[in-house]
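Trainee: No sequence on hand, only this structure:
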Ligand SMILES: Cc1ncc(COP(=O)(O)O)c(C=O)c1O
């Protein structure tokens, strides 16, 4: 049975072109840096992202962890919005692996107030206070919202004034670029010193992310990746799919955004369902319901019985995500089921 899977854009299947490329990829040993397909991916990604060098990592989390390990020292402090993936969904990796603390400026859906960022910055003159040595932004943000380019520019200006590097968690960088109408992502990455972007998720590669930045940073990140056990041998098999993700898959993300906008609009018309339109920028639809706890608990199981995989209520919110393997017809099926469940389920 084919399920409609709206749990996340991480559930996308690799395309046939990816599977074919993986089967035929020339490979070497990446710990010796002689895997030709990984080398090709890293060179291509560095150029695409406008950075000196790039590193293929096994996941977005590993990319963020390598960035933090490479930019900071134990005891440092990182300024980031409180609801970033790094702050909330990486199992405290920042503390465990880098030994840093976090400080949060005022922000709305990931868009940080530049003056508040400035107020968070401390140097190492006061021994009572951990020095800030890194700022991170996340675009697109996990809330579903896209940060305006002007905000990225303003936060980066504050960072530069204070000689502090900026790391951009761009797990969904190309989604954000599509929403901002940017065809050359260097327009965004000019406002960060390092950037992580995922090849999986909406771009459909089965495994992998890229961390890009200055050469010396990427050298330190390569060591961090080794420490984390992320140095692959014939990893070119995975990089082959990553090359297709970057070359061929970024241009279609608008289709997912349009499906999400449609799904959101239609769900909002269902009595008891309120879509959070202020965060409906990319492929994610967040909504509240007026359902009681028992009905909320029945929801994922009922949808599954009817062929749709969804996550349950989390923090008072529900989320559905459109992606390559979800069509407009799948959205219509979901809307019909939701209408039935809301009325009778
Ligand atoms: C904003 C953001 N950063 C990082 C990650 C981590 O990516 P991965 O699941 O590949 O480790 C995710 C995952 O969904 C994410 O949404």
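Mentor: Structure received. Since the structure is predicted, the reported quantities are computational estimates derived from the model, not experimental observations.
Trainee: quick one: contacts for the closest residue to the ligand within the stretch 151-300 of the chain?
Mentor: In the stretch 151-300 of the chain, the residue that lies nearest the ligand is residue 171 (3.4 Å; C-beta to the nearest ligand atom). (Glycine included, C-beta is placed from N, CA and C.) For residue 171, the contact set (C-beta atoms under 8 Å, 6 or more residues apart in numbering) comprises 60, 85, 138, 140, 196-198, 201, 209.
Trainee: Dump those to JSON lines, plus secondary structure and pLDDT.
Mentor: JSON lines is the format used below for these (DSSP: H, G, I helix; E, B strand; the rest coil; pLDDT from 0 to 100):
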{"residue": "60", "secondary structure": "helix", "pLDDT": "98"}
{"residue": "85", "secondary structure": "helix", "pLDDT": "98"}
{"residue": "138", "secondary structure": "strand", "pLDDT": "98"}
{"residue": "140", "secondary structure": "coil", "pLDDT": "98"}
{"residue": "196", "secondary structure": "strand", "pLDDT": "99"}
{"residue": "197", "secondary structure": "strand", "pLDDT": "98"}
{"residue": "198", "secondary structure": "strand", "pLDDT": "98"}
{"residue": "201", "secondary structure": "helix", "pLDDT": "97"}
{"residue": "209", "secondary structure": "strand", "pLDDT": "98"}
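Trainee: Select, from those residues, the two members most distant in space.
Mentor: Pairwise distances across the contacts of residue 171 peak at 14.7 Å for 140 and 209 (criterion: C-beta to C-beta).
Trainee: Sketch out the helices for this structure, chain order is fine.
Mentor: 16-24, 36-49, 60-71, 85-88, 93, 114-120, 149-161, 173-180, 186-189, 215-227, 236-248, 253-268, 293-305, 328-344 (DSSP state H).
Trainee: Which of those helices sits closest to residue 322?
Mentor: Residue 322 lies closest to helix 253-268 among the helices of the chain, at 4.1 Å (C-beta to C-beta).
Trainee: Residue 60 contacts residue 196, correct?
Mentor: Yes - using C-beta atoms under 8 Å, residue 60 is in contact with residue 196, at 6.1 Å.
Trainee: For the two, work out which one has more neighbours and name it.
Mentor: Neighbour count, other C-beta atoms under 10 Å: between residue 60 and residue 196, residue 196 has more, with 33 against 26.
Trainee: quick one: that one from residue 139, how far?
Mentor: To residue 139, residue 196 is 11 Å away according to C-beta to C-beta, to the nearest Å.
Trainee: Equivalent analysis for residue 289, please.
Mentor: Residue 289 sits 29 Å away from residue 139 when distances are taken as C-beta to C-beta.
Trainee: where does residue 5 land on pLDDT?
Mentor: For residue 5, the pLDDT comes out at 98.
Trainee: for it, what are its contacts?
Mentor: 11, 308-309, 325-326.
Trainee: So which of the residues you listed sit within strands?
Mentor: Among those, the residues falling in strands (DSSP state E) are 308-309.
Trainee: Right, I'll call it a day here.
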